[in-house]
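>>> Requesting a structural model of the entry that follows:
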Amino acid sequence: MAKNKYNNITKLLESNYWGLSVWESRYGRGFYASVMRLHYANVLQDILTGSDVEAVELECYLNGKGKWLPVCHGESIEDALCKLDAKLEKWLDKNEWYDRVDEALYAIEKNDGNYKLKELIW
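Residues are numbered from 1 along each chain as shown. Model prediction:
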């Protein structure tokens, strides 16, 4: 049996009710990959491919204080998936992380104008 290239993504998909989502970023500048509840992946995709102000604010958060969330940007699909798989290794055994991910994504979905992002630091 061949070794799975994305072991951490596979472990997360097998142990949770989360799904893998990949989408093209705005203006064709690479791809995003995420592993989370698919509803929240759709919310992120809508924001990140939507209006400039919201997309830029969320991108800044995801690349800064929100870098602990299970979403990555890459120049290609392969690049985004590899970055995501590497990021997940740190979090797979931390049960609290799963709840914090859902809390952060819920706050982003309910968008109060700043996503309450200052409160969502891991």
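>>> Tell me where the protein has strands.
19-24, 31-36, 71-74 (DSSP state E).
>>> Would you mind telling me which of the ones you listed is nearest Lys11?
Of all those, strand 31-36 sits nearest to Lys11, with 9.9 Å by Cβ to Cβ. In this view, the C-beta of every residue, glycine as well, is placed from N, C-alpha and C.
>>> So, low pLDDT: which residues of the protein?
1-3, 112-122 (pLDDT under 70).
>>> what angle do the longest helix along it and strand 31-36 make?
Ordering each helix of the chain by length in residues (DSSP state H) puts helix 95-109 first. Using axes from the mean of the first three to the mean of the last three Cα atoms, to 10 degrees, the direction of helix 95-109 lies 120 degrees away from that of strand 31-36.
>>> And the residue nearest the centre of the chain?
The residue lying closest to the centre of the chain (Cα atoms, centre = their mean) is Val71, at 2.1 Å.
>>> if we can go back for a sec, tell me which of the strands of the chain is the most buried.
Comparing these by mean neighbour count (mean count of other Cβ atoms under 10 Å), strand 31-36 comes out on top with a mean of 24.
>>> His73 versus the residue nearest to Val71 when sequence neighbours are not counted, what's the distance?
Here the nearest residue to Val71 in space, its sequence neighbours aside, is Ser34; by Cβ to Cβ, 6 or more residues apart in numbering that works out to 4.0 Å. According to Cβ to Cβ, to the nearest Å, Ser34 stands 10 Å off from His73.
>>> Ser85 contacts Leu12, correct?
Quick fix: residue 85 is Asp, not Ser. No - contact criterion Cβ atoms under 8 Å: Asp85 and Leu12 do not qualify, at 9.4 Å.
>>> Mind putting the strands of the chain into CSV with distance to Ala80?
As requested, those are exported to CSV (distance: least, Cβ to Cβ, whole Å):
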stretch, distance to Ala80
strand 19-24, 7
strand 31-36, 4
strand 71-74, 3
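>>> Alright, calling it a day.
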